[in-house]
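Chemist: what follows is a predicted structure for the sequence shown.
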Amino acid sequence: MTTAFVKALEETARVLARFAEPAPAGARRWDGTAYVAASASTFEPYAAKWSSALTALAGILEGHDAPLSERQKQFLDRFLFGGMGSLNDFALDEGRLGADANQANQELDRLRSELFAQFQGL
């Protein structure tokens, strides 16, 4: 299996993971330079879904030694890059989640492009 594709799946899952765990009241989180108060509103259930699904998919593909079948490629194409409900359609709500969501959405855009490029090489 293409290691770069699996790595891109894992990296995408990591970007979403920080929105996948609800923060208890009074919790603090690392913002890259200091611990700041964590807002309980940073939990996004769809981010949790995608983080979990991408992590599972990466694990499955990492152990897959044979080339993917056309049917498997079609599934991945719809799941990741299809229309409504696909990873390509997902974005964090910047109005509710603020600057963290804006930054994550930009990173997701970059990673989706990388995933698509890697997918084309499968």
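Modeler: Perfect, thanks for sending it.

Chemist: looking at the protein, which helix or strand does the model trust least?
Modeler: Within the chain, no helix or strand scores below strand 28-30, which has a mean of 78 by mean pLDDT, DSSP states H and E.

Chemist: can you list the strands that that strand pairs with?
Modeler: strand 35-37 (antiparallel) (DSSP bridges).

Chemist: off-centre distance for the next helix or strand after the partner strand?
Modeler: For strand 35-37, the following helix or strand on the C-terminal side (DSSP states H and E) is helix 45-62. Its chain's C-alpha centre and that of helix 45-62 lie 7 Å apart, by CA atoms, centre = their mean, to the nearest Å.

Chemist: go on, stretch 105-122?
Modeler: Distance of stretch 105-122 from its chain centroid, counting by CA atoms, centre = their mean, is 11 Å.

Chemist: ok, and for that stretch, which residues are buried?
Modeler: If you call a residue buried by 16 or more other CB atoms under 10 Å, then stretch 105-122 has these buried ones: 105, 108, 111, 112, 114, 115, 118, 119. Every residue, glycine included, has its C-beta placed from N, CA and C.

Chemist: and the third one, what does it touch?
Modeler: Pointing back at residue 111 there. 8, 11, 12, 15 (CB atoms under 8 Å, 6 or more residues apart in numbering).

Chemist: same thing with residue 77?
Modeler: residue 119.

Chemist: helix, strand or coil: sort out it for me.
Modeler: helix (DSSP: H, G, I helix; E, B strand; the rest coil).

Chemist: where does the protein dip in pLDDT?
Modeler: 1, 39-41 (pLDDT under 70).

Chemist: can you tell me which helix in it is longest?
Modeler: Taking DSSP state H as the criterion, the chain has its longest helix at helix 99-120.

Chemist: just the CA atoms of that one, as PDB, please.
Modeler: Written as PDB, here are the backbone C-alpha positions of helix 99-120 (Å, rounded to 0.1, in the frame of the first residue of the first chain):
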ATOM      1  CA  ALA A  99      -9.900  30.800  14.600                       C
ATOM      2  CA  ASP A 100      -8.900  27.200  15.400                       C
ATOM      3  CA  ALA A 101     -11.500  26.000  12.800                       C
ATOM      4  CA  ASN A 102     -10.300  28.500  10.200                       C
ATOM      5  CA  GLN A 103      -6.700  27.200  10.600                       C
ATOM      6  CA  ALA A 104      -7.900  23.600  10.600                       C
ATOM      7  CA  ASN A 105     -10.000  24.100   7.500                       C
ATOM      8  CA  GLN A 106      -7.000  25.500   5.600                       C
ATOM      9  CA  GLU A 107      -5.000  22.500   6.700                       C
ATOM     10  CA  LEU A 108      -7.800  20.200   5.600                       C
ATOM     11  CA  ASP A 109      -7.900  21.800   2.200                       C
ATOM     12  CA  ARG A 110      -4.200  21.200   1.800                       C
ATOM     13  CA  LEU A 111      -4.400  17.600   3.000                       C
ATOM     14  CA  ARG A 112      -7.400  16.800   0.800                       C
ATOM     15  CA  SER A 113      -5.400  17.900  -2.200                       C
ATOM     16  CA  GLU A 114      -2.500  15.800  -1.100                       C
ATOM     17  CA  LEU A 115      -4.800  12.800  -0.500                       C
ATOM     18  CA  PHE A 116      -6.300  13.200  -3.900                       C
ATOM     19  CA  ALA A 117      -2.800  13.300  -5.600                       C
ATOM     20  CA  GLN A 118      -1.700  10.200  -3.600                       C
ATOM     21  CA  PHE A 119      -5.000   8.500  -4.500                       C
ATOM     22  CA  GLN A 120      -4.500   9.100  -8.200                       C
END
